[in-house]
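Q: with the input below, show me the fold.
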Amino acid sequence: MGFVGETVDSIKSIKIRQLLTQAITLGMIVTSALIIWKALICVTGSESPVVVVLSESMEPGFQRGDILFLRMTDEPIRAGEIVVFSVDGREIPIVHRAIKVHERGDTKEVDVLTKGDNNDIDDIGLYAEGQLWLHRHHIMGRAVGFLPYVGWVTIIMTEKPIIKYILIGALGLLVITSKD
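A: Next comes the predicted model:
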């Protein structure tokens, strides 16, 4: 009998109590991951404390697939900092460098103009129609660290969904058929 036959026999032999235990264990793992994510949001002050670089616009500093760690503080953004921002009408955040910062003296608010290191022009064309600057509410965080190439897992699963489904299915089978 091969691997498939053994797996089917294993699934057939599962008792209800064992199945419930495994389902609860899986639920606890998912819940723990959510708690860790929410704790990171609280500690970093960023609504998305970890992002993946999805394009080549920040090369050579950051490569496609690098993971960036973000932090958001009350300090104003300065020219030269790497920021992650979201723009009205765009679902996916953008990682670019702040190239110009205009600080309004009366309110201490800052307007930020960004540009990808590998791009020829600034990002005004990426902003919402008629928008010339980013404001504080657009910026999700500053890059404070990175892990090179680790984000490729996310990119591959997004670009080739079948791989994501195969991985989820394999992990589900592993949980169901484990004897512990």
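Q: lowest average confidence, helix or strand, in the chain?
A: Taking mean pLDDT, DSSP states H and E as the measure, the helix or strand of the chain with the lowest value is helix 3-12, at a mean of 69.
Q: surely Glu81 touches Ile99?
A: No: applying C-beta atoms under 8 Å as the test, Glu81 and Ile99 come out as separate, 10.0 Å apart. No exception for glycine: its C-beta is placed from N, CA and C like everyone else's.
Q: so what does the helix ranked longest in the chain touch, helix or strand wise?
A: Ranked by residue count and defined by DSSP state H, the top helix of the chain is helix 16-44. For helix 16-44, the packing partners by 3 or more C-beta pairs under 8 Å, 6 or more residues apart in numbering; DSSP states H and E come out as strand 67-71, helix 161-177.
Q: any chance of JSON lines for those, columns mean neighbour count?
A: As requested, the helices and strands packed on helix 16-44 are exported to JSON lines (neighbours: other C-beta atoms under 10 Å):
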{"stretch": "strand 67-71", "mean neighbour count": "20"}
{"stretch": "helix 161-177", "mean neighbour count": "12"}
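Q: worst average pLDDT in those?
A: Set side by side, the helices and strands packed on helix 16-44 differ in mean pLDDT, and helix 161-177 is lowest with a mean of 83.
Q: which strand or helix spans the residue nearest to the spatial centre of the chain?
A: With distances taken as C-alpha atoms, centre = their mean, the residue of the chain nearest its centroid is Val51 (3.4 Å). Following DSSP states H and E, the helix or strand that holds Val51 is strand 50-52.
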